[in-house]
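Undergrad: 3D model of this:
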Amino acid sequence: MTTETSGSGDISRTLELLWGTGDRPSRGPKPGLTLDRIVTAAVEIADAEGLAAVSMRRLSTELGTGTMTLYRYVPGKAELLDLMLDRVGGQPPATKEPEADWRAAIDALARGYLTLYREHPWLLKVNQARTVLGPSALRGLEHALMGLQDMGLTDPELISVIIATQSFVMGIARMEIETIEAAKATGRSDEDFWEGQRPFLERAMASGEYPRMAGLAEDTFSRDFDHFAFGLRRLVDGLEVLVRDRTSSPAGATGDASSPAAATGDASSLAGATGRTSSPARATGGTSSPARATGGTSSPAGD
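TA: Next up is the predicted model:
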């Protein structure tokens, strides 16, 4: 469930701030206060307490300045959110050099995304269908495209590869983070929650109405199974078939779109490929119960 929407403020003003083309405050600001400090403080608050805790009043307290002073730097929370997204989404990759091949590039991209969501879980609360594209977001997309350029796919297909990778990781990250949030919100551990359902599930399995589920192996919902690694490997395997087919049959490299507009996509497509986003350790989303089969989640076995 999203709670905020990117691109909902003054787009022109946000772009000026992102690209450094706007006028700087000329009177009244507290010495040493900068836009960079404001955005950094906002990200730190969101990381620690969630996006709802970020407000101009809270920021003024953290920075030791008046609330009205902040408005000389940024128009409001909507524009601030876009600056925060560009800041975290454009965090530099471990290496600025493209990976050795596209397989390694997708692996690095996926792990980068998962790390990003783990470090900034509030990102999953933001509807980024309309991402305001700043320099950091574009650098992230440039790096991703450079790593995929040897796939031999069309430009729209490359964007789709990035979107598919990000969407897969987002699902894993959401499952993991929502499990943690549920335990915090209810004060009840994940293990205790599922253990409380055991008697009912055992009777259901013994009823004969669910023969396939009753026959599942004991380790089906083990936390030791790495769903992130498994899913990522299958994603790469599937793309490998396409790349192999393309390289062996050049005439087949047609794609569904040929215009430059199609290659770049509309706002939502491009946003999906950039850093609504941009950036694990062993991610599992592993389960300890039939949660995965019924839409629930379990605690992460990673961190």
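Undergrad: CA atoms for contacts and neighbours, from now on please.
TA: OK.
Undergrad: immediately after the helix or strand hosting Arg58, which helix or strand?
TA: Taking DSSP states H and E as the criterion, Arg58 maps to helix 56-63. Downstream of helix 56-63, the next assigned helix or strand under DSSP H and E is helix 67-70.
Undergrad: mind giving me the packing neighbours of the longest helix seen in the chain?
TA: For the chain, the longest helix by residue count, based on DSSP state H, is helix 155-186. Secondary structure elements in contact with helix 155-186, counted by 3 or more CA pairs under 8 Å, 6 or more residues apart in numbering; DSSP states H and E, are helix 102-119, helix 135-148, helix 227-248, helix 260-264, helix 267-273.
Undergrad: that older thread, quick one: buried residues of the helix holding Arg58?
TA: Of all the residues in helix 56-63, those buried under the rule 16 or more other CA atoms under 10 Å are Met56, Leu59, Ser60.
Undergrad: export these to JSON lines and append columns for pLDDT.
TA: Shown next, in JSON lines, are these (pLDDT from 0 to 100):
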{"residue": "Met56", "pLDDT": "96"}
{"residue": "Leu59", "pLDDT": "97"}
{"residue": "Ser60", "pLDDT": "96"}
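Undergrad: quick one: which of these is nearest to Glu99?
TA: In terms of CA to CA, no member of the buried residues of helix 56-63 lies closer to Glu99 than Leu59, at 38.9 Å.
Undergrad: contacting residues for that closest one?
TA: Ile38, Ala41, Ala42, Thr67 (CA atoms under 8 Å, 6 or more residues apart in numbering).
Undergrad: those in helices, which ones?
TA: Residues of those located in helices (DSSP H): Ile38, Ala41, Ala42, Thr67.
Undergrad: which of those residues sits closest to Gly76?
TA: Distances from Gly76 to the ones in helices among the contacts of Leu59, taken by CA to CA, are shortest for Thr67, at 10.6 Å.
Undergrad: thinking again about what came up before, and the longest helix of the chain, average pLDDT?
TA: The predicted model gives helix 155-186 an average pLDDT of 96.
Undergrad: report the buried residues of the following helix or strand past it.
TA: Using DSSP H and E, the helix or strand that follows helix 155-186 in sequence is helix 190-195. Using 16+ other CA under 10 Å as the test for burial, helix 190-195 gives Asp190.
Undergrad: adding distance to Gly238, write the contacts of Leu59 out as JSON lines.
TA: As requested, those are exported to JSON lines (distance: CA to CA, whole Å):
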{"residue": "Ile38", "distance to Gly238": "44"}
{"residue": "Ala41", "distance to Gly238": "42"}
{"residue": "Ala42", "distance to Gly238": "40"}
{"residue": "Thr67", "distance to Gly238": "52"}
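Undergrad: just the buried ones from those, in PyMOL syntax?
TA: Selecting only the buried entries of the contacts of Leu59 in PyMOL, with 16+ other CA under 10 Å as the criterion:
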select buried, resi 38+41+42+67
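Undergrad: ok, now which ones touch Ser185?
TA: Check again: residue 185 is Ala, not Ser. Listed by CA under 8 Å, 6+ apart, the contact set of Ala185 is empty.
Undergrad: just for the stretch 51-200 of the chain, where's the confidence low?
TA: Scanning the stretch 51-200 of the chain for pLDDT under 70 picks out the ranges 91-98.
Undergrad: dump the buried residues of helix 56-63 to JSON lines, plus distance to Pro75.
TA: Shown next, in JSON lines, are the buried residues of helix 56-63 (distance: CA to CA, whole Å):
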{"residue": "Met56", "distance to Pro75": "10"}
{"residue": "Leu59", "distance to Pro75": "13"}
{"residue": "Ser60", "distance to Pro75": "14"}
